[in-house]
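In: Give the three-dimensional model of this entry:
(chains A and B)
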Amino acid sequence: KAGVTQTPRYLIKTRGQQVTLSCSPISGHRSVSWYQQTPGQGLQFLFEYFSETQRNKGNFPGRFSGRQFSNSRSEMNVSTLELGDSALYLCASSAGQGIDNEQFFGPGTRLTVL
Amino acid sequence: KQEVTQIPAALSVPEGENLVLNCSFTDSAIYNLQWFRQDPGKGLTSLLLIQSSQREQTSGRLNASLDKSSGRSTLYIAASQPGDSATYLCAVRSKSNYQLIWGAGTKLIIKP
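Out: Sure thing, here's the model as predicted:
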């Protein structure tokens, strides 16, 4: 069974631009979560989707948004990029919405904002 | 507000030693705790998930314990190998907001 895939793996953008990252969960998984990882702040929760609905949202500005499609694939969008948005963005999938579901992570997208 | 702390931040031991990584959390109101490893430039690999009602979980050379009342978890690695070198992170699923709250990780180096 294929794991979680994320595209692209690396991305370089300039301040003010916008970016869209994509995540394909493990086949059969319906929940997708997004995280930001930086050296200074560590791992921080962005949002979680289940069956195309956002179920939970972290403490990030409105420039960060996401969506989930009917096939469970998810995208996250960051508008008006800032230097501080440079980070590794990780996507995780789990089988269900339940809080006791184990999360499986993709390799991440490394975003660099110049 | 839930906070997760991992001590030490870095650890270097000779191959073959048994070792313990620590994770502490400030609010015992959790659903579960999960241990992950992260290799340089890569995503996270789930190692063990312990539900709040459980005391420990085992997988191969790994054993994780959970003491919810004291806000502590340990990850025990037996007979360490160079391939165990990675950063180990713990995360708790908080009951207050259902989110995973992460520790900063312990960078482990196993010397051949």
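In: Can you tell me which residues in chain A are near chain B?
Out: A:4, A:6, A:33, A:35, A:42-45, A:56, A:58, A:90, A:92, A:99-100, A:102-108 (CB under 8 Å from any CB of the partner chain). Heads up, the C-betas are built off the backbone N, CA and C, glycines and all.
In: give me the low-pLDDT residue ranges for the chain?
Out: Picking chain A for this. A:1, A:97-100 (pLDDT under 70).
In: Find me the pLDDT at the closest residue to B:Pro14 other than its chain neighbours, would you?
Out: Leaving aside its sequence neighbours, B:Pro14 sits nearest to B:Lys111 (CB to CB, 6 or more residues apart in numbering or on different chains; 5.2 Å). With respect to pLDDT, B:Lys111 scores 96.
In: on that earlier part again, select from the residues of chain A next to chain B every entry located in strands.
Out: Cross-referencing those against strands under DSSP state E gives A:Gln6, A:Ser33, A:Tyr35, A:Gly42, A:Leu43, A:Gln44, A:Phe45, A:Asn56, A:Leu90, A:Ala92, A:Phe104, A:Phe105.
In: just curious, which of those is nearest to A:Arg63?
Out: Proximity of those to A:Arg63 (CB to CB) peaks at A:Gln44, which lies at 14.6 Å.
In: Who is the residue nearest the centre of chain A paired with across the strands?
Out: The centroid of chain A falls nearest to A:Trp34 when counting by CA atoms, centre = their mean (3.2 Å). Beta bridges link A:Trp34 to A:Phe47, A:Cys91 when assigned by DSSP bridges.
In: for A:Lys57, same thing?
Out: Residues in beta-bridge contact with A:Lys57 (DSSP bridges): A:Phe47.
In: Neighbours of it, how many?
Out: Counted with other CB atoms under 10 Å in any protein chain shown, the neighbours of A:Lys57 add up to 15.
In: Same question for the one 4 residues further on.
Out: When neighbours are defined as other CB under 10 Å, A:Pro61 has 11 of them.
In: how about the residues of chain B near chain A?
Out: Counting by CB under 8 Å from any CB, chain B sits next to chain A at B:31-32, B:34, B:36, B:42-46, B:49, B:51, B:89, B:91, B:93, B:97-105.
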